[in-house]
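S.K.: Below: sequence and its predicted model.
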Amino acid sequence: MSAVTTRSWGRRLATALAGTGLAAGLLAGLQAPAQAADEPCDLSSCSGGGSGGSGGSSGTQSSGTTSASYNSGTTSCRVYANGAGMGSYCIRPGGSAVKTLRERFGNQKLQLCRYRPIPPGIPTPYNSRAEDGRYMMMTCLSGIDFDTAYGGGDKSMDVSIVFVPWGTDIEDRDNDITRFVWGTFEKSEQLPTPIMDNKPSAIPLVGAPSFFTFRWIDGGRDNEVVQEGPYANKPNGGPYKQTDREGGVVLRAEATRIRIDPNQKGIAPITCRPDTPYREGAAAGDQPEGACRIVFPRSSASARKLSTVPIPSNVDEAFWVSIEVEWRITYGDGGGDMRELGDGFTMRLRQALPVQEIQAPNEPPTVIY
């Protein structure tokens, strides 16, 4: 899934689950930790731009930050949002000067990455090296500016699934700077992040309609499913989040559309409704209007050869799918005084999708990935 400037705050969801390894057709491949939990960043040696985490290329970055002023009558606030999250900070009259992270915490070491078990509902990748380690979800901070009070305008949070060797130090540090900096992310609101959950088969079949649905998780809250507003009772949650902030300001994020591009020659991208409707057990022809559907003409065995974008070396025989979510973010008192922030925000991420082909008349069928 800041120092109060109008620069980009969390300008990207980094590669937000890009290059990560999930089984059952969600994500594939492995990603080495960009910053291990046992390699914290020392403020005496960190540059102003910070370190840790992996940045996305310009083609995969989410929208930059837009901010606006909001006055609740007693408190002056600044609201902000980007393609990864939203938040606010408030200033009360008579406040004292705020020290920078470097001034406040001296030479304490900041833990840049944290490890957690893979959340329920996300299949654990098949582990052929159980004697060497296990898969875990890793969250890393990047772009921390230690010469600002809250980490700067470019800090971001990266989420990935990684293979963690046995013996790796995965314990959380418990010092002042680690609690403070991670707390600034927890006080902001990460937008729900979509994890592919394809229907009716988790791994699509060549020639058969494949319907895209998503499990919407909150990268800033232990990767729990976001179930709010119209998606309150949906097992997979949905692209909606509302939060009441300090100073009486309400922030609300609603997705307006989703675009899915397999990045393959001869396979066109599709644009879908944000709720990606699907009726379990219904035939393809009986699915709701607006269902998010692609019929793949070939398996992903040729993905690298026919890809229109570079595929990371650790993604094996899978389409490198681009997902774009358009968000509308409003702020105000939660009632009739809700105002538009910016002109929309785009969350961009990539996930790997294997597609299989069943060849007949083999008994049992031969499955080619």
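M.R.: Thanks, I have the structure now.
S.K.: how would you label the residue lying closest to residue 151 once chain neighbours are set aside: helix, strand or coil?
M.R.: In this structure, residue 151 finds its nearest non-sequential neighbour in residue 144, 4.9 Å apart by CB to CB, 6 or more residues apart in numbering. Just so you know, the C-beta spots here come from the backbone N, C-alpha and C atoms, and that holds for glycine as well. Per DSSP: H, G, I helix; E, B strand; the rest coil, the secondary structure class of residue 144 is coil.
S.K.: pretty sure residue 144 contacts residue 181?
M.R.: Yes. Assessed by CB atoms under 8 Å, residue 144 is found in contact with residue 181 at 6.7 Å.
S.K.: Look at residue 269 and say how many residues are nearby.
M.R.: 14 (other CB atoms under 10 Å).
S.K.: ditto for the one 4 residues further on
M.R.: Other residues lying near residue 273 total 15 when counted by other CB under 10 Å.
S.K.: next one: the one 3 residues further on
M.R.: Residue crowding around residue 276 was assessed by other CB under 10 Å; the count is 24.
S.K.: Give me the phi and psi angles of it.
M.R.: phi 30, psi 70 (degrees, to the nearest 10).
S.K.: can you pull the contacts of it?
M.R.: Each residue near residue 276 by CB atoms under 8 Å, 6 or more residues apart in numbering is listed here: 211-214, 258, 291-292.
S.K.: where does the stretch 1-150 of the chain dip in pLDDT?
M.R.: Within the stretch 1-150 of the chain, the stretches with pLDDT under 70 are 1-61, 91-98, 121-125.
S.K.: quick one: which of the contacts of residue 276 has the most company?
M.R.: Within the contacts of residue 276, most neighbours by other CB under 10 Å means residue 214, with 27 neighbours.
S.K.: Show me the beta-bridge partners of that residue.
M.R.: Beta bridges link residue 214 to residue 196 when assigned by DSSP bridges.
S.K.: for it, what are its contacts?
M.R.: Residue 214 neighbours (CB under 8 Å, 6+ apart): 194-197, 236, 258, 276.
S.K.: Neighbour count for residue 144 and residue 181, which is higher?
M.R.: Neighbours were counted for residue 144 and for residue 181 using other CB under 10 Å; residue 144 has more, 28 against 22.
S.K.: any shared contact partners between residue 144 and residue 181?
M.R.: Listed as contacting both residue 144 and residue 181 by CB under 8 Å, 6+ apart are 101, 110, 151.
S.K.: Count the neighbours of residue 257 for me.
M.R.: Applying other CB under 10 Å, I find that residue 257 has 15 neighbouring residues.
S.K.: gap between it and residue 68?
M.R.: Distance from residue 257 to residue 68, counting by CB to CB, to the nearest Å: 23 Å.
S.K.: cool, residue 195 as well?
M.R.: 31 Å.
S.K.: how about the helices in the chain?
M.R.: Listed in chain order, the helices of the chain (DSSP state H) span 101-105, 176-187, 303-306.
S.K.: With distance to residue 334 as added columns, please give those helices in TSV.
M.R.: Shown next, in TSV, are the helices of the chain (distance: least, CB to CB, whole Å):
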stretch	distance to residue 334
helix 101-105	33
helix 176-187	19
helix 303-306	46
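S.K.: Nearest to residue 81 among the ones you listed would be which one?
M.R.: helix 176-187 (14.3 Å; CB to CB).
S.K.: buried ones in the closest one?
M.R.: 177-178, 180-182, 184-185, 187 (16 or more other CB atoms under 10 Å).
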